[in-house]
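1. Let's see this in three dimensions:
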Amino acid sequence: MDPRVQQFMAMIKARNPGENEFHQAVQEVSESLIPFIEENPKYKYSKILERIAEAERTIIFRVPWLDDKGEIQINRGFRIEMNSAIGPYKGGLRFHPTVNLGILKFLAFEQVFKNSLTTLPMGGGKGGSDFDPKGKSDNEVMRFCQSFMTELFRHIGADTDVPAGDIGVGGREIGYLFGQYKRLKNEFTGVLTGKGIEWGGSLIRPEATGYGATYFAQEMLSTAGESIKGKIVCISGSGNVAQYATEKVTQLGGKVVTSSDSNGFIYDPKGIDAEKLSFIMELKNLRRGRIKEYAEKFGVEYFEGNRPWGIKCDIAMPNATQNEIDEEDARTLVKNGCICVTEGANMPSTPEAVEVFHKAKILYGPGKAANAGGVATSGLEMTQNSMRLPWSREEVDQKLQVIMKNIHATCVIYGKNSDGYINYVDGANIGGFVKVANAMIAQGVV
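-> Numbers count the residues shown, from 1 in each chain. I've put the predicted structure just below:
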């Protein structure tokens, strides 16, 4: 490791003990940025990296709620308002038992760079709770969301901080959160994104992250004279991002052969077509069942407790969670002929896995670039809310495609090596950094 990175990371770890995911995210960015900062002393003098790595505001609060038995339950709520140099804080809320301060700081830190890359005026933030919506009734979820928003509402607003959904926070949860915000503030405003289409939401928003990651893969492949058409694609996850990535890959002529959840994955060599995808959507979005039921219905193999990276494919799209591709998985993918990895999830590849991809010189799109389509379309939803005008599905999709092309172009500008290989990690980190850094310098030491 570069001694300068080592020194910087020693400071980060001392200030943020035990927050391993946050350390990982900061180190990945600092390895790209510190050499760049050394060549551009104005960023070093202003200590921009040190300032970006420290949240502007961290909010932690108690969330008491009543379950259906009338018993009081207590969870912990968070909102990390990381950086507002280029716009109001923007980033999702995650409801999952694994949620803790370190994970949310990693996500908020990544969000700063991702939002900057979209070219839209959005700062970075993230929040959530260790509440688990799985197995809870609609009434329990509603009571939790109302209690959560009763504290959060005083810290957010359309021009201050605009949360959205993430793992465990879908349309149902956004609806309950928005209803409570409206009740408390006595105003109808674009304070949350991912809203229902009837009450301020944007067309394409549910599809945006999966579609965007696919568009980004298409852009990467085009640099090598390739396309998605005719390619075998392994996708992990079976939630929102995975579903719409599967849909868009299929529309572009690729064949998706895997889907997974936390219990295991299915392998369908014939491909997950529109009819099979419809079954997954009903299974996951309505019945909230397990992916194993797909294997039982369609007579395909199910691999309990495993991830799909051992399946031979041309393109891998990790769409589930952080650190789901380790070094061994990465070696297997490369060995099996994978030419492109596009991250729909946040930081799903470990640093060791990323090193394998770079050494093999395959196309590797990190999450902060590849999955920015979701927050980009959230930004488009904010614009529509401000204008009080909805856009058509075609208009939003067209704008999303342009944004993903622009993100790719930025990565190429800042990430192209002398040998022609495009390091998308460097490209995304430096490209996202420059805009935020220049805004911070312009605004003074605040």
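
2. Run through the residues that contact the residue nearest to the spatial centre of the chain.
-> For the chain, the residue nearest the mean C-alpha position is N346 (4.5 Å; C-alpha atoms, centre = their mean). By C-beta atoms under 8 Å, 6 or more residues apart in numbering, the contact set of N346 is F106, L107, E110, Q322, G367, K368, N371. To be clear about C-beta, it is placed using only N, CA and C from the backbone, and glycine gets the same treatment.

3. Helix or strand for F178, just tell me which one.
-> Taking DSSP states H and E as the definition, one finds F178 inside helix 171-185.

4. For that helix, which residues meet the burial criterion?
-> Counting neighbours by 16 or more other C-beta atoms under 10 Å, one finds that the buried residues in helix 171-185 are G171, R172, E173, I174, G175, Y176, L177, F178, Q180, Y181, K182.

5. thought the third one was touching I167?
-> Okay, so that is E173. No. Counting by C-beta atoms under 8 Å, E173 stays clear of I167, with 10.8 Å between them.

6. anything in contact with each of the two?
-> Shared contacts of E173 and I167, defined by C-beta under 8 Å, 6+ apart, comprise F95.

7. what mean pLDDT does the lengthiest strand in the chain have?
-> The strand that spans the most residues within the chain, counting by DSSP state E, is strand 72-83. Strand 72-83 shows a mean pLDDT of 98 in the predicted model.

8. before we move on, what about stretch 3-12?
-> If you average the pLDDT over stretch 3-12, you get 96.

9. cool, and stretch 93-109?
-> In this model, stretch 93-109 has an average pLDDT of 97.

10. end to end, how far does that stretch reach?
-> Using C-alpha to C-alpha, to the nearest Å, the end-to-end distance of stretch 93-109 comes out at 14 Å.

11. From the chain's centre, how far out is it? Work that out for me.
-> 12 Å (C-alpha atoms, centre = their mean, to the nearest Å).

12. what comes up buried for it?
-> By neighbour count, and taking 16+ other C-beta under 10 Å as the criterion, the buried residues in stretch 93-109 are 93-96, 99, 101-109.

13. Can you flag which of those belong to strands?
-> When these are checked against strands (DSSP E), the matches are L93, R94, F95.

14. Pick out whichever of those residues sits closest to S222.
-> Sorting these by how near they are to S222, with C-beta to C-beta, puts R94 at the top with 33.0 Å.

15. Hmm, N371 is touching A345, no?
-> Yes. Counting by C-beta under 8 Å, N371 touches A345, with 6.9 Å between them.

16. re the thing from before, am I right that the residue nearest to the centre of the chain sits in a strand?
-> No. Inclusion of N346 in a strand is not indicated when DSSP: H, G, I helix; E, B strand; the rest coil is applied; the result is coil.

17. Got the confidence number for it?
-> Each residue has a pLDDT score; the one for N346 is 87.

18. F265 too?
-> F265 carries a pLDDT score of 98 in this model.

19. Leaving out chain neighbours, which residue sits closest to it?
-> Counting by C-beta to C-beta, 6 or more residues apart in numbering, F265 lies nearest to P308, which is 4.4 Å off, once chain neighbours are set aside.

20. if we can go back for a sec, list the backbone torsions phi and psi for the residue nearest to the centre of the chain.
-> N346 has phi and psi values of phi -90, psi 120 when expressed as degrees, to the nearest 10.

21. circling back: can you name the element that comes right after the helix holding F178?
-> Scanning the chain past helix 171-185 towards its C-terminal end, the next helix or strand to appear is helix 208-222 (assignment: DSSP H and E).

22. List the buried residues of that following helix.
-> Counting neighbours by 16+ other C-beta under 10 Å, the buried set in helix 208-222 is 208-221.

23. okay, these in CSV with distance to K399 and pLDDT next?
-> Written out in CSV, the entries for the buried residues of helix 208-222 read as follows (distance: C-beta to C-beta, whole Å; pLDDT from 0 to 100):
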residue, distance to K399, pLDDT
A208, 10, 94
T209, 15, 94
G210, 16, 97
Y211, 12, 98
G212, 11, 97
A213, 16, 97
T214, 16, 98
Y215, 12, 98
F216, 15, 98
A217, 19, 98
Q218, 16, 98
E219, 16, 98
M220, 20, 98
L221, 22, 98
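
24. before we move on, back to that, closest to R287 among the buried residues of helix 171-185?
-> The nearest member of the buried residues of helix 171-185 to R287, counting by C-beta to C-beta, is R172 at 14.0 Å.

25. Pull the contacting residues for that closest one.
-> Contacts for R172 were tallied using C-beta under 8 Å, 6+ apart; they are D138, V141.

26. again with C234
-> Contacts for C234 (C-beta under 8 Å, 6+ apart) come out as V256, V257, T258, P308, W309, I311, C313, I315, A316, M317.

27. Which parts of the protein are strands?
-> Taking DSSP E as the criterion, the chain carries its strands at 57-66, 72-83, 89-95, 124-129, 161-164, 232-235, 255-256, 258-261, 264-267, 301-304, 315-317, 340-342, 363-365.

28. Using JSON lines, please lay out these together with distance to I204.
-> Formatted as JSON lines, the strands of the chain follow (distance: least, C-beta to C-beta, whole Å):
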{"stretch": "strand 57-66", "distance to I204": "31"}
{"stretch": "strand 72-83", "distance to I204": "26"}
{"stretch": "strand 89-95", "distance to I204": "17"}
{"stretch": "strand 124-129", "distance to I204": "22"}
{"stretch": "strand 161-164", "distance to I204": "14"}
{"stretch": "strand 232-235", "distance to I204": "19"}
{"stretch": "strand 255-256", "distance to I204": "20"}
{"stretch": "strand 258-261", "distance to I204": "22"}
{"stretch": "strand 264-267", "distance to I204": "27"}
{"stretch": "strand 301-304", "distance to I204": "32"}
{"stretch": "strand 315-317", "distance to I204": "19"}
{"stretch": "strand 340-342", "distance to I204": "19"}
{"stretch": "strand 363-365", "distance to I204": "20"}
